[in-house]
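Got a predicted structure here, sequence first:
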Amino acid sequence: MSTEQSSTATKEWNLEPESEYRFELDPGTSLAIKLVRGHAEVFGAELAEGKQYLFGSECKAAVYTWRGSRPDASDKHVTGHPSTEYVSDETPMAAYANLHIAFEQMRVRALRTLHGSPAHDDDPAANAEPLRVLVVGPENSGKTTVCKILVNYAVRAGQGWSPLLVNVDPTEGAWAAPGALSVAPVHSPLPTSSPANPLGSAATSAPTALSSNALLPLVYWYGHADTKRNPVLVDRLIRNLGDNIAEKYDFDAEGKVSGLIVDTPSSFGAGTGANDHRHKLIKACVDAFKINVILVVGHEKLNVEMQRTYGSQLTVVKIPKSGGVVELDHTYRERIHNYQLHTYMYGQIIPPPPGITQATVGGEALTELTLAPSSTVISFDDLTIFRIGAESMAPSSALPIGATRVLSEIQPVPVDPAQSGSGLLNAVLGLLAPPNPDENERYEEEILDLTITGFLIITHVDIPHRKMTILAPNQGSLAGKTAIVGSYEWQDQ
Ligand SMILES: Nc1ncnc2c1ncn2[C@@H]1O[C@H](COP(=O)(O)OP(=O)(O)OP(=O)(O)O)[C@@H](O)[C@H]1O
């Protein structure tokens, strides 16, 4: 394989078996990688020979090869300027592959049980429950990457599996905007090209032409980066995701055997005290998704803790952390959130390095990935906006003497855009799906349980004329709709 260190030169790298080429990109740079011959993959997604794959938006990733060099050499051309690049032959991929094999056996067993076929070689008394994995670990342990690799291996197995990938890490962005919790069935390998689209493109914001690996996620909006900010709301949304999945499984027993993998925030993996919020949220996941395997990525203390708490009811496995995982700091994460919102509105735009013309982003042609958002002026009365709980509460000291707080952490509180200090300018809003058409079925907190159909940004608020300007990926009318505001803001620059 090869990399280019000047704008015209291309570097070639020859990878030994079970080694990987790791790279990190600086802001504003891109990288094109072409597999010249052999077999290689990026976090479990195979590269096709001869195709240029583009990476951008400060992407940090690795190209791994199982079989490597001669006679079946994995040569790659790399064009662009990574700020860091090196080859490592110390990877945890063999451990991850073993895990995949064990999971594959669980899927086969579950399918066999579903069809009532007799057991063959393996233990007939073995658990035939479909696989339901929770991945936990501290910050920068590579949780999302492990989830991606395991899901990609499952869909590559050629058995027609389409596992569910559940994201309960609000900072991840996944297929929506940062602040969302979501789930999607994965039918084809998830590409890696940019942290703006860490799990590939979703069909909801991408052009319809983009169909080969677009996903249809189900999204709830939490609206904040930190799960500590409103754990009661996170708990509620986790249970909503769980209920949705259970309902889907009722109608899709074949899909159920593919299993599910849950990616969690790093706040679940590191904390202090036995009673902090993370225990409740881990428990909420275990219950909501009926977890039967917990994977602990590279953290002894957390592994012991999970063994003690859950070891008697489910399997807890510690897996190694990859030395390639990059420490992401706060400012990097903020830039990524900006990339994600920009990508949500404008599509995935990665300018290829000089000299590269026929490139693909995760296998998709470049022209198919551009979107044109619309900016619309609406009346304050068109859109009803809520904030959930705590943020909108006055401090206790401001309450009348003797009064007790009546707002709960998950009470939806209307936000009036006419109030200066409403906090709506530049705010990211989650647009809710319509409420139950049957009035009798409605309830006060229903908006907590509605999914998100899209995201909006308020780019201008004109209080005298009671109007605001909204940026949205499409031009649908907002009249009569309801949206939720959290703490994410974005400015189009
Ligand atoms: N083997 C590798 N080589 C190079 N980069 C890698 C490798 N594995 C992971 N990374 C990168 O390291 C970064 C952190 O990995 P990842 O997002 O999987 O960790 P995480 O534990 O989920 O993070 P968080 O702290 O946000 O929960 C990502 O940019 C990812 O692409």
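Noted; the coordinates are in hand.

Please pull out the lowest mean pLDDT helix or strand from this protein.
strand 2-3 (a mean of 46; mean pLDDT, DSSP states H and E).

so after it, what's the next helix or strand?
Following strand 2-3 in sequence order, the next helix or strand is strand 11-15 (DSSP states H and E).

Only the buried residues of that following strand, if you could.
11, 13-15 (16 or more other Cβ atoms under 10 Å). Where C-beta positions appear, they are placed from N, C-alpha and C, glycine not excepted.

just how off-centre is it within its chain?
Offset of strand 11-15 from its chain centre (Cα atoms, centre = their mean, to the nearest Å): 31 Å.

is that strand anywhere near the ligand?
No. If you take Cβ under 6 Å from any ligand atom as the test, strand 11-15 misses the ligand, and the best it gets is 13.2 Å.

Quick one: list the elements packing against that strand.
When contacts are defined as 3 or more Cβ pairs under 8 Å, 6 or more residues apart in numbering; DSSP states H and E, strand 11-15 packs onto strand 2-3, strand 74-80.

As PDB, could you dump the C-alpha coordinates of that strand?
The C-alpha coordinates for strand 11-15 follow below in PDB (Å, rounded to 0.1, in the frame of the first residue of the first chain):
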ATOM      1  CA  LYS A  11       3.000   6.400  -0.900                       C
ATOM      2  CA  GLU A  12       2.800   2.600  -1.200                       C
ATOM      3  CA  TRP A  13       2.500   0.400   1.900                       C
ATOM      4  CA  ASN A  14       2.800  -3.300   1.900                       C
ATOM      5  CA  LEU A  15       1.100  -4.800   4.900                       C
END
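
and L281, what helix or strand is that in?
helix 277-288.

Roughly how far does the one residue in the stretch 201-350 of the chain that gets nearest to the ligand sit from L341?
The minimum distance from the stretch 201-350 of the chain to the ligand, using Cβ to the nearest ligand atom, falls at G324 (2.5 Å). For G324, the distance to L341 (Cβ to Cβ, to the nearest Å) stands at 27 Å.

Looking only at neighbour counts, state which of the two leads.
Taking other Cβ atoms under 10 Å, G324 and L341 do not tie; L341 has more neighbours (24 against 21).

Go ahead and list the helix or strand containing the more buried one.
Going by DSSP H and E, L341 is in helix 330-346.

That helix packs against which elements?
By 3+ Cβ pairs under 8 Å, 6+ apart, helix 330-346 packs against strand 452-462.

Could you list the residues in contact with the strand it packs on?
Here strand 452-462 makes contact (Cβ atoms under 8 Å, 6 or more residues apart in numbering) with 176-177, 180, 204-205, 219-221, 341, 344-345, 375, 417, 422, 424-433, 468-474, 478, 483, 490, 492.

and I385, that one's in a helix?
No. Read with DSSP: H, G, I helix; E, B strand; the rest coil, I385 is strand and lies in no helix.

and G421, which of the three is it?
coil.

could you measure it against A110, distance?
54 Å.

More neighbours: those two, which one.
Set side by side, G421 and A110 show more neighbours around A110, with 20 against 6, by other Cβ under 10 Å.

can you tell me which residues contact the more buried one?
Taking Cβ under 8 Å, 6+ apart, one finds 128-131, 256-257, 259 in contact with A110.

In ChimeraX, select just the buried ones from the residues you listed.
The following ChimeraX line selects those of those that are buried, judged by 16+ other Cβ under 10 Å:
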select :128,129,130,131,256,257,259
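
how about stretch 85-97: buried residues?
Under 16+ other Cβ under 10 Å, the buried positions of stretch 85-97 are 85, 91-93, 96-97.

Okay, now the unreliable bits of this structure?
1-9, 68-74, 118-126, 201-215, 271-275, 363-369, 390-407 (pLDDT under 70).

interface residues of it facing the ligand?
So far as Cβ under 6 Å from any ligand atom goes, the chain lies against the ligand at 22, 60-62, 137, 139-145, 169, 171, 195, 265-266, 322, 324-326, 328.

Just the buried ones from those residues?
For those, a neighbour count by 16+ other Cβ under 10 Å gives the buried set as 22, 60-62, 137, 141-145, 169, 171, 195, 265-266, 322, 324-325, 328.

before we move on, back to that, so which of the contacts of A110 belong to helices?
256-257 (DSSP state H).

So which of the contacts of A110 is the closest to P189?
When the contacts of A110 are ranked by distance to P189 (Cβ to Cβ), G259 comes first, at 16.3 Å.

Return the residues in contact with the spatially closest residue to the closest one that is not a sequence neighbour.
Once flanking residues are discounted, G259 sits nearest to L131: 3.2 Å by Cβ to Cβ, 6 or more residues apart in numbering. Applying Cβ under 8 Å, 6+ apart, we find L131 in contact with 103, 106-107, 110, 163, 259-260, 292-293.

Among these, which are located in helices?
Per DSSP H, the contacts of L131 map to helices at 103, 106-107, 110.

The stretch 51-200 of the chain: helices as residue ranges?
93-115, 143-156 (DSSP state H, counting those that start in this stretch).
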